[in-house]
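Undergrad: build the 3D model from these lines:
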Amino acid sequence: MHRLRALWWTVSGSLWLVPSVIVILAAFVAVVLIGLEGTLDLDLAQGWPRLFGAGADGSRAMLSAIAGSMITVAGVVFSVTLVALTLTATQYSPRVIRTFMQDRPTQFVLGVFVGVFAYCLVVLRSIRGENGEAPFVPAIAVFGGMVLALVAIGFLVFFIHHLAVSIEASSILARLTDATSKVLNDLFPEKADATGDVDETAAREERAIAHWLPVPAPESGYVVSVDHERLVEISKRLDCVVRMAVGAGAFVVEGSPLAHRSSGMPVPRELDEAIGNCCALEHVRTIEQDATFGLQQIVDVALKALSPGINDQTTAIMCVDRLAQLMVMIADRRVDYRYRRVDGRLRLICAATTFDDLLQLAFVEIRRHAAGNHAVLSRLLWAQTQVRAATRELSRMASVARLARDIEAALAAYEAREQARLHGSSR
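TA: Residues are numbered from 1 along each chain as shown. Next comes the predicted model:
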């Protein structure tokens, strides 16, 4: 099931799924409305001539014009979307392109245009009225095409507004933050206790295991999903401990250790393969089980903003604000789910991420690249005070304090350089 979930994450994040579904639905609606014309004895042309009184030639001309204009506008929308993706990748980061591809309003607008095109084609095929054939004009379906064309015009106006808003830095960061926040809530739902995350008993059991047998990766790629429940079942069946060598977001090379098992007895090759199959590998990272990827995308936007070619400190400060929001959210959560037990026995050792790892990922690289920017360094220091106020665990307080001291040192160095520069210029 976890492989099906990984496949669904890939498919649902594509740009073609929603438009394809809408095209199928539009064609189905066209067939249904054409069928209604043949089954219901409705003289709509007589009762409502201005709406349903078009003949075969007029209906063909109108539907042909709508179909041609819809496919043209769809091509323009696709082109504009690609231009927006290119500008976003250049201005912010190539990693944020996926957030545009997953944007439901954009997918829906693209689907509306190609759906109206498909609808008109199906209705056009059913119109008869030449070469001696009995005339047949599905008035309801033809009127539906006109209504859909008017609706599509409204969607075009909406799309232009939506695209203009979605390429703003604040909108991009809001989408990245919302996606990362959802993953963090799913991965770390529990509150941390006063003793922290470390299970000392399980840690001693891990250190007592002297020999580990590697389980090779079946292929190369990024780990996008790990089925921990299935791994626990396999380790229980083998009466061993499985230790993951990599976690979600890591890249593995085919044949390199994906996991290790503690049992020294020989087991069928199929069981080792079953352990390897508990990890879904893809060519690109996804955020669904990888909270670090969400944080990394926001950090990438900040680093791009701090680059000499762009030098956009406002965007960098907004990134720091969003990172502070996410770190405050998990400051009192249990983050390290490293050990899994069944009936009191250690069965699985996960490649878990610690709070300190997330803290370093969120702020260290930005601090290094912002060494010459007083505003960003000051905002980083403010972020540490927010995270420090949200946690009560001593080791986390110490990690935040160490990072705050580094930021204060960078601020002091910056101020010393400025003083030296002013002193030199005054001479």
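
Undergrad: so residue 95 sits right up against residue 300, yeah?
TA: Yes. The pair residue 95 / residue 300 is scored as a contact, 5.4 Å apart, by Cβ atoms under 8 Å. Every C-beta, even on glycine, is put in place using the N, C-alpha and C of the backbone.

Undergrad: of these two, which one has the most company?
TA: With other Cβ atoms under 10 Å as the criterion, residue 95 and residue 300 differ in neighbour count, and residue 95 comes out ahead with 21 against 18.

Undergrad: that one falls within a helix, correct?
TA: Yes. The assignment for residue 95 is a helix, going by DSSP: H, G, I helix; E, B strand; the rest coil.

Undergrad: now it: closest residue in space, sequence neighbours ignored.
TA: Using Cβ to Cβ, 6 or more residues apart in numbering and skipping the chain neighbours, the partner closest in space to residue 95 is residue 297 (4.7 Å).

Undergrad: in which helix or strand would I find the one you found?
TA: helix 291-306 (DSSP states H and E).

Undergrad: how about the strands of the stretch 201-350 of the chain, start to end?
TA: Residue ranges of the strands in the stretch 201-350 of the chain, as given by DSSP state E, counting those that start in this stretch, are 213-216, 221-226, 242-244, 251-252, 257-261, 279-282, 339-342, 345-349.

Undergrad: got the contact list for the fourth one?
TA: For strand 251-252, the surrounding residues in contact (Cβ atoms under 8 Å, 6 or more residues apart in numbering) are 217, 220-223, 246, 258, 281.

Undergrad: and if we set it to 10 Å?
TA: Where contact means Cβ atoms under 10 Å, 6 or more residues apart in numbering, the residues beyond strand 251-252 that reach it are 216-223, 245-246, 258, 276, 279, 281, 285.

Undergrad: show me which of those residues are buried.
TA: A residue is treated as buried here by neighbour count (16 or more other Cβ atoms under 10 Å); on that basis the buried members of the contacts of strand 251-252 are 216-218, 221-223, 245-246, 258, 276, 279, 281, 285.

Undergrad: TSV for those residues, including pLDDT and distance to residue 411?
TA: Formatted as TSV, the buried ones among the contacts of strand 251-252 follow (pLDDT from 0 to 100; distance: Cβ to Cβ, whole Å):
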residue	pLDDT	distance to residue 411
216	89	48
217	89	44
218	87	49
221	91	42
222	92	37
223	90	38
245	89	39
246	89	37
258	90	43
276	82	48
279	87	43
281	87	43
285	84	34
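
Undergrad: tell me the one of those nearest residue 308?
TA: Taking Cβ to Cβ as the measure, residue 308 sits nearest to residue 285 out of the buried ones among the contacts of strand 251-252, at 27.4 Å.

Undergrad: ok, the closest one touching residue 223?
TA: Yes. Using Cβ atoms under 10 Å, residue 285 makes contact with residue 223 at a distance of 8.8 Å.

Undergrad: quickly compare the strands of the stretch 201-350 of the chain and say which is most buried.
TA: Sort the strands of the stretch 201-350 of the chain by mean neighbour count, taking mean count of other Cβ atoms under 10 Å, and strand 242-244 sits at the top with a mean of 24.

Undergrad: redo the strands of the stretch 201-350 of the chain as JSON lines? Include distance to residue 317.
TA: Written out in JSON lines, the entries for those read as follows (distance: least, Cβ to Cβ, whole Å):
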{"stretch": "strand 213-216", "distance to residue 317": "45"}
{"stretch": "strand 221-226", "distance to residue 317": "31"}
{"stretch": "strand 242-244", "distance to residue 317": "37"}
{"stretch": "strand 251-252", "distance to residue 317": "31"}
{"stretch": "strand 257-261", "distance to residue 317": "40"}
{"stretch": "strand 279-282", "distance to residue 317": "34"}
{"stretch": "strand 339-342", "distance to residue 317": "39"}
{"stretch": "strand 345-349", "distance to residue 317": "39"}
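
Undergrad: how much space separates residue 79 from residue 85?
TA: The span separating residue 79 from residue 85 equals 11 Å under the rule Cβ to Cβ, to the nearest Å.

Undergrad: these two: which is more packed in?
TA: Shown here are residue 79 and residue 85; by other Cβ under 10 Å, residue 85 has more neighbours (18 against 10).

Undergrad: residue 420 and residue 414: what is the separation?
TA: Using Cβ to Cβ, one obtains 11 Å as the distance from residue 420 to residue 414.

Undergrad: who has more neighbours out of those two?
TA: Here residue 420 and residue 414 are compared on neighbour count by other Cβ under 10 Å; more neighbours surround residue 414, at 17 against 10.

Undergrad: report the contact partners of the more buried one.
TA: The contact partners of residue 414, taken as Cβ under 10 Å, 6+ apart, are 370-374, 377-378.

Undergrad: what stretches of the stretch 251-400 of the chain score poorly on pLDDT?
TA: 263-268 (pLDDT under 70).
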